[in-house]
Structure formats: C-alpha cells, structure tokens
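**Student:** below are the sequence and a predicted model; questions follow.
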Amino acid sequence: MCHVIRLLAIFVLIILKYSLAFQEGVLFSTPNYPQPYTGQLFSQRQTVSVNQNQGVAVVFEQFLASAHDCVIACPANDGGCSSLCGDAMDHGLLPKILRVPGNISVTIASLEPNDGFPHSGISGKMIPYDLNKIAFFECNDKVDLSSGETYYLISQNYPLSPTSEITGCFIKFSTSGSRQGIRFAVYDFYLNQLQHDSFFITAGKNGQNVTITGFATEDEPVVYYFQSDTDVTFSISHQDHSFIQKRFYILVSSYESEKLNVSFNIVFRSVSTSKTCDSTGKFDVALGQTINFGTRQFGVNPYDNNLICGYDYTRTPGTNSLFALAIQYESEKCCDTMSIDGLTDDQQIYQGFQYSNLFFTDSQNISFLFNSDPIMGGTGLNASLEHIDCTCSPGIILVKNNTLTSPGYSNSISYCPDLLCASKIEFQDDLYDLQLDIADISLRSYSLNNDTDSVTVFNSYDHPLVIMKPSYLGFMSFWATVSPVTVQFVSKSLTAFPLNMIGRGFSMNLNLVKKIFVTEKVAFNDGFFLKDISKLDLANGKTFEFIVTGRPGTQIHMHFFTKTSNQVFIDIFDGDSMDAPRIDNKELYSNIIENGYSIELSATSNKAVIHIRGNPTFLETGTDFQALVTDRSETSECGLWVYTLKQQQKDSEKLLIKGNDCYKILHFTDNSYSQSAFMVFGYSADIPMNIYYGLNISSNNLISTRTSDLRPAYLFTKYLVLQYTASETSEVHFTWDISGQVIPAVMNSDQTLMLMSDDYLKIDSANTVQQFIVEMRDSHTGMMCEFLANSGKGTGTLTWYSYTNEIKKESFSPATKSLKFTSCAEKLLVDYSSPGGSGSGLYVKISKADLRCSSRRSISAVVLLIFFISSLFI
C-alpha cells in the first residue's frame, strides 16, 4: 500500500493543524472540509513523530467518502500499513481507528476512480498514546468542551477489549458560554451487563440520566443530548478470550442550545427553514410535471444546523402513471435524518452515507421530513419528483420520416418499470424500404438472475432483426423491406435503481428510403421451367424483382443454395403482386443447407413475386445469393430432386435414382463465379438418362442419353439436369473444382475423348483462353479431332506432335460442326480463345484416325539396319 502511495504524482495539501484543546493531537481532513468534495482525491503524505514509547491512533469524527477513497496509516519506516475506506462511519461494527506504533505517515487518497457523487468528506485526529497503557484518555479527567472541538471518548485498547479490568472510571464534561448543550454520539458500543460491565451518563441539575448496555450500535449509532454538564462513569470486567470485544467509540461535543423541534405539523408553518430548503410545503404534481427540492447549495456547502424541512406531494391518480423520485442524500450518520412516507408500505429513514437512487411508486401521496441537529452538517439532500406518464408509444403509420422513443424519453428522468410496449410501424412497402437508425439507447441492467431490460426489433415475419440489451455495442442501423415492423420494449418490474444506472431509454429514427426496382418477368412453359437466380449486384441498393408465372395448374417453388443470414432480404409474395400474402421465410435464417438437398419454399398457385435486396447494414464483401425457381413439382416417388454442393474438391453424397419420369438437378455453389469452374459426374449403373448441360432441357443442351455415354470429363457448368425413368435403384454423384488454363488428358488408342471449353453454351461469357493437351498411347493409325458443334467466334490452332517433334499446326477460325482434322501423331495441343459473349464454344471429339502411320517407323528401322551392316564391311 505504501508503494502505491509513493506512485501518486499529483498532490493537494491535506489540511493539518495542531489542536489547542484538551486532547493532544493533529487534526486532518479532506481539502476544504467541511465543504463536500466531488471527484478524485490527490494526496500528500504527512508524517507525525512521537516519543519512543508512544504510538499514534488515527480517529475520525466524519468519514463519508467514495468507496475507494481511503485514509492510509503507515509506520514511518514503511512497515505494514492499514487503511479505512468509503463510508467508515456508516457501519456500527466497523472500528473507527487506525493504530500505528511509533512515528506515522497518514495519506488521504483515491485508489480507484471516484463514484462522481458529492460526499461529506473525512475529518479526524492523530492522537498519541502510551504503548504500555494504550489509553486515549485518563480516568478522573475533567474535560471542558467550550471550544467546540470534538472529544474522542474511546475505550482503552480500542478496538480490542481493555487489557485489564477497569472499575469506576469517571470523566466529567463541562461547557460554558453560548455552548450550553452537550451531545454524546455513540458510534460503536458493546459491554456485557451480565459480566458486571456498566456505562452511565449522569446529567446535571434537572437532567435525565442514561444507561447504555449491550450492542447499543448494532443497527445504527445512538445519540444523547444534554443541556448541562454531564458525568460519565463506566466499568469493564476483564476477559482473556472472546470473539466479541468489549469496547466503545463515542464522540462528545458541545453545541449552542436550542429547542429541537421535530413536529411535522410545525414544519409546514415554518418560515425560517425555507431559507435553506427548496420547495417545502404541500404541492399537487400534475402529469408530466417535475418538482426539484432539497437543501440549498447541495454538493457545494454543507447543510445548516437545526434544520426542519418538510415536503408533501400528491398526484391525481391516473390509469398509467407513477411518481418517479430521483434522490441524492448524505448526512451526518449519527444525528441527522430524513424520513419518507409513501415511497413504500413502511416509513423509510435515511441517514449517513450517500443514497443516490431512482425510485418509482404508485402511491398518490409522498412526504419527506429532513432534520439536522446543532453540531455537524454534511452533503445534504438533492431530489426531484416527477409525475411520470408510463403510456407506451402508439403504433405509427409512416408517411414521412419520424422518430420512435421509449415512454418518457424526451422529458423524463427515465422510463417506467414493468413495461411491455410493442409499437407497430407500418409503411408503404411497394414504394419504400424502412431504415431504423438507433440514435440513442441506454437501458437498465439488474444483477438479480442476470435479468435486463431490452429493445427487440421484429420484421414482418416476426423474426428478430436485433435484440439490444444494456451496454449494447453492435450495429445501430437496421432495414426492413416489407411492412410492418414491430419494436418491442421491455422493462422489468424492479422499482429502485442507482442513479448511475437508471437508463434513458431509446430513441430511434425512422427513415423512408425510395425503392429502386430491377424487374424481370419469368413465364414458364413445357420447354422452359427452370430459372437460375444468382450473380446479383447486392451492394447497389436496388431491389431485384422477379415476377414469375408458371404453367396452368402448377405451383411456383424456390430452392435456396446459399446462407444469407441477415445479409440479404428475401420476400416472396404468394400471387401476382405485392398485395398478395407473403410466404413465411423464417426457415431461410437458419436452415439453409449448402451441401445437400436444398431448402424449398412454395407458393400456393402458379404465380409469385420474388424480391431480393442486399441489407445495407450487414452485407459483407463477397456475400452471394444463389437460388433456383421452377414450377415443376416432383412426386414422392422421385424424392428430393435439387441437390447443391458448396465444398470444393469433395464428392457429394450418393444420390438415389429411382422413379417414373423424374428429374434431378445437380448444382454447385461457386461464389467466385469462375468461368473455369467445372463439374465431374459419376454413376453406379448404366441406365437410360437424359443429361442436360446447364439449366436448360433443350436438345442443344442434351449431352448424353445414357449414364455410360461418352461425355467431356470436365463439364464447365454449375448445373446438370438429369431426366430419367428407372425401376431399379442406382446412384449418381458429382464433385467440382476450378481448372487451370492448361487441361491435360491421356487416352489409349481404343478410347474416345471429348473436350469442351468453359464458354460452351454460356450466355455473356467472359474472354476465354484455354489449352488442351491430349496424348494417345499405342496409336499406329494417327489421331483425329472432330468438331461436334460450331465454335462461333472461338478460334484456335491444332498442333500435332510425334513424341516431342512438331509435325504440323492447323488453324480453325472458326470451326463448323463435323469439321475433322487428322494426323499421324501421338500428341495434340488444342489452343482455343474466344472474345466472350454468346454463341461461342469449343466442343470436340478426339479419337484414333484411320491412317497408315506404322510404315514410317518400319522404313526408318530398315534404313538404320542397312547403315549398321554396311559399316561392318568398311
């Protein structure tokens, strides 16, 4: 602790002066005492020296401070320190003393941030004592209190029991002049009457005698006033061992004698008290009205002595209103009190340490009586009483920008307890989106059961957009695309809170933002009943609208492939306009399957309107939306039929194939939309199956009619459509990846290979540059390259190799369907490029040619043999 004190860098002088009165010692206090203080205490260490056989007792007449504002007493040699902090005078069983043997250093310091409220301060005295006796006064002393200084009547060896028996110790207290009264403020007291302990205060002429016994201060300090000289006589028996120490701590002071009138009826006839108390008297408080009252110069100067301040407030009972009382109060612990009637069922009595709270009560009458005695002041009373309206904000039909607030936000100290407000915000959602901007939020929290107040925003699907609790630090702007939006505000039923935790409530700006539509009409027919929705510019703030009409007697179905959470708004209207009922989309927030059969939402008819919009608040870079719309409904015999795969280079599960006139759609999700992404298809049995390249069932897209048919190994499409009738169960599976610019392949001479470029059958494809390298093993009849489709704008070259030797290079610019090239080669390089757009693509078949290529190798061998034999005869 001493080390901590040495680290304090800013110092303010502690007030120190030597007493001129009866008890030798040094007075100390917080700066400017008895004025209250607020904020940090920056301290300076003060050292006091005593004789060799003496110690120093640090004792207090006032100690009401912030929780971490402390008095630290250390031996001058930096030995073990001791301290008192906070509201030491407010606890009856807490010793009010710090004892140090030998020389002492005392510091007043803030060890942690202050609570920010004004406090009465700290005032005390450093009293030397004999280490052999440990007594702070002498029996048979005669004490003159006329100076007004406090006398510390503290039992020997306090806070422990006396070291020896004390019998008939007598002290006489007297005063003179204008200070005719004597007060005994008993802060700590325990004697055992059964062990013949006793403590008597005997008043002078016509006075009343007092006997103090037992735990006199177990609950609160006790105080006794006398109008003349008094005598104290006490005896304490010796005890060797006890958990309870026999001790007393009493402050004895003189005061100018006045009649202490505490009659409540006299209060309201009093005129003099109004000079130091505000808003005394009786008042009826109207709904929404606030009255401020208390002692004047609160937090600046201590309240006056001998105050009697009364306040009486009523309200007309309302259907939904309360009294809200915000109060700061601190007084001398022993002797100055404030009683409150009407706050609860029982009378409340405040005294001592800072009460800084907000209270709510449904009482129609609440009254206060503040009394101070003639000796010491404190911080005082500062309060406001409001007749608060607890009515929830009504619903809003929003035709222009507006603001929604919690009850009382604009004009009340806080919001009411036990609220459950649900404000519905309606707006014209065919013209506008709604932005909810949280301008301010400050809610109360509760330690009991970790319960809190909350603000929850629900969209029109009753899905929470956000749940805001105390200390919320998340997003402050939220959007809604369809009406209505509901803002739910909940406050718990507790009615008392610290003033620094009362909460203002919330304020929310409601802004209408004009919708910008990008509309596409989709009409399905027998040749077109599958529509991809993807690659949308979600960041442009536009609403992508799809007006879908299916074939008569069908239903519109939508399959979802990507998790969008709150990043994308998806609104589906079950009809041909936004006036139609909305389809509940809550499933999309948590149940999207990205590797498996897709989530499906369905309309009840052949018409639907679909809106897709990026959420400006939550949309992240790279967020993607991919879905499929169709009017085809598969039978239960065919089973689930739209399967998606997000994981790259990982095989799908085995998909069962069985049923009559069934479709199955294979899809992979490539968020990069790479044109070079390809699918590899596999099967378990050779069965009839129409396989369509892409999401199109036209004859141009039909690439095979059986599972075993020859197809390109790399299918540069994110969709395959399978159409089949199968009485026996078989399986298919697929995987996907992204290719490089060069694609190699190896084949035997009895095999046939198909190659397909990544722009084949693509609409608005990007610029394409690809190279295919095909090597044929054990070929004696050459290789043939046959074009299976026109290459459109695509051009390229065929380079033929025999081993590493280039045989020839041929160009196609462009190629037409059925065009063939042959060569006696073992390797073929196909270089292909396209400027992009539509109608281009390379689709070729590589097979062995019917050429007489083997003779070249035989002639070469014969020539080499003749050359070798001839060389032998030379």
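**Tutor:** Nice, thanks for sending it over. Residues are numbered from 1 along each chain as shown.

**Student:** drop to CA atoms for contacts and neighbour counts, all remaining ones
**Tutor:** Fine.

**Student:** give me the domain ranges for this structure.
**Tutor:** Domain assignment for the chain by the TED database gives 277-389, 396-477+489-511, 517-734, 740-852.

**Student:** need the winner for burial among those domains.
**Tutor:** Here the criterion is mean neighbour count by mean count of other CA atoms under 10 Å, and of the domains of the chain the winner is domain 277-389, at a mean of 20.

**Student:** related to what we said a few turns ago, out of the domains of the chain, nearest to Y255?
**Tutor:** Proximity to Y255, assessed across the domains of the chain by CA to CA, is greatest for domain 277-389 (6.0 Å).

**Student:** buried sites along stretch 479-492?
**Tutor:** Residues of stretch 479-492 classed as buried: 479-492 (neighbour count, 16 or more other CA atoms under 10 Å).

**Student:** re the thing from before, which of the domains of the chain sits closest to Q46?
**Tutor:** Q46 sits nearest to domain 277-389 of all the domains of the chain, at 25.2 Å, using CA to CA.

**Student:** hmm, back to that, just the buried residues of stretch 479-492 now: which is nearest M783?
**Tutor:** The nearest member of the buried residues of stretch 479-492 to M783, counting by CA to CA, is T481 at 60.8 Å.

**Student:** local confidence estimate at the closest one?
**Tutor:** Note for T481: predicted pLDDT of 95.

**Student:** cool, and the one 10 residues further on?
**Tutor:** pLDDT for S491: 94.

**Student:** what are the boundaries of the strands in the stretch 301-450 of the chain?
**Tutor:** Assigned by DSSP state E, counting those that start in this stretch, the stretch 301-450 of the chain shows strands spanning 308-314, 321-330, 337-341, 348-350, 355-361, 365-371, 380-389, 396-398, 402-405, 420-427, 432-442.

**Student:** which other helices and strands does the fourth one contact?
**Tutor:** To tie it back to what came earlier, the one meant is strand 348-350. strand 337-341 (3 or more CA pairs under 8 Å, 6 or more residues apart in numbering; DSSP states H and E).

**Student:** list the strands paired with the strand it packs on, with their directions.
**Tutor:** If you go by DSSP bridges, strand 337-341 pairs up with strand 348-350 (antiparallel), strand 365-371 (antiparallel).

**Student:** quick one: the longest one to strand 308-314, angle?
**Tutor:** Think strand 365-371. Following axes from the mean of the first three to the mean of the last three CA atoms, to 10 degrees, one obtains 170 degrees for the angle between strand 365-371 and strand 308-314.

**Student:** okay, the angle between strand 365-371 and strand 380-389?
**Tutor:** 180 degrees.

**Student:** I'd like the distance between the closest residue to Q348 other than its chain neighbours and G310.
**Tutor:** Nearest non-adjacent residue to Q348, counting by CA to CA, 6 or more residues apart in numbering: I340, 5.0 Å away. As defined by CA to CA, to the nearest Å, I340 lies at a distance of 10 Å from G310.

**Student:** K282 against F293, yeah?
**Tutor:** No - with contact defined as CA atoms under 8 Å, K282 does not reach F293; the gap is 11.9 Å.

**Student:** what lines up beside the host helix or strand of V59 in the sheet?
**Tutor:** Element membership for V59 (DSSP states H and E) is strand 54-64. Take DSSP bridges as the rule and strand 54-64 pairs in its sheet with strand 97-101 (antiparallel), strand 121-130 (antiparallel).

**Student:** how big is the angle separating whatever helix or strand comes next after it from strand 97-101?
**Tutor:** Moving toward the C-terminus from strand 54-64, the next helix or strand (DSSP H and E) is strand 69-75. Angle of strand 69-75 versus strand 97-101, following the same axes, to 10 degrees, is 20 degrees.

**Student:** pLDDT below threshold where in the chain?
**Tutor:** For the chain, applying pLDDT under 70 flags the ranges 1-22, 205-206, 240, 258-275, 447-450, 854-874.

**Student:** the residue most central in space within it and T486, how far apart?
**Tutor:** Nearest to the mean C-alpha position of the chain, by CA atoms, centre = their mean, lies Y472 at 4.2 Å. Applying CA to CA, the value for Y472 to T486 is 19 Å.

**Student:** same deal with L41?
**Tutor:** L41 is 49 Å from T486, by CA to CA.

**Student:** so how far is stretch 686-704 off the chain centroid?
**Tutor:** Averaging C-alpha positions (CA atoms, centre = their mean, to the nearest Å) puts stretch 686-704 53 Å from its chain's average.

**Student:** same question for stretch 459-479.
**Tutor:** From the chain centre to the centre of stretch 459-479 is a distance of 11 Å (CA atoms, centre = their mean).

**Student:** how about the strands of the stretch 51-200 of the chain, start to end?
**Tutor:** Assigned by DSSP E, counting those that start in this stretch, the stretch 51-200 of the chain shows strands spanning 54-64, 69-75, 82-85, 97-101, 104-110, 121-130, 142-144, 151-154, 166-174, 181-190, 198-203.

**Student:** residues touching the residue lying closest to T290 once chain neighbours are set aside, list them.
**Tutor:** Spatial nearest neighbour of T290, chain neighbours left out: E386 (4.2 Å); criterion: CA to CA, 6+ apart. Contact analysis of E386 by CA atoms under 8 Å, 6 or more residues apart in numbering lists V285, G288, Q289, T290, I291, F323, A324, L325, S412.

**Student:** any idea how far E386 lies from H780?
**Tutor:** Going from E386 to H780 by CA to CA gives 104 Å.

**Student:** and the closest residue to V186 other than its chain neighbours, bridged to which residues?
**Tutor:** Nearest residue to V186, sequence neighbours excluded (CA to CA, 6+ apart): I250, at 4.5 Å. Note on I250: beta-bridge partners by DSSP bridges are L153, V186.

**Student:** shared neighbours, I340 and G310?
**Tutor:** Counting by CA under 8 Å, 6+ apart, the common neighbours of I340 and G310 are S367, F368, L369.

**Student:** tabulate those (CSV), appending distance to S684.
**Tutor:** Below are the shared contacts of I340 and G310 laid out as CSV (distance: CA to CA, whole Å):
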residue, distance to S684
S367, 89
F368, 90
L369, 93
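
**Student:** from the residues you listed, pick the one nearest P394.
**Tutor:** Using CA to CA, these come closest to P394 at S367, 33.8 Å.

**Student:** which residues does the closest one contact?
**Tutor:** Here S367 is in contact with G310, Y311, D312, Y313, I340, D341, G342 (criterion: CA under 8 Å, 6+ apart).
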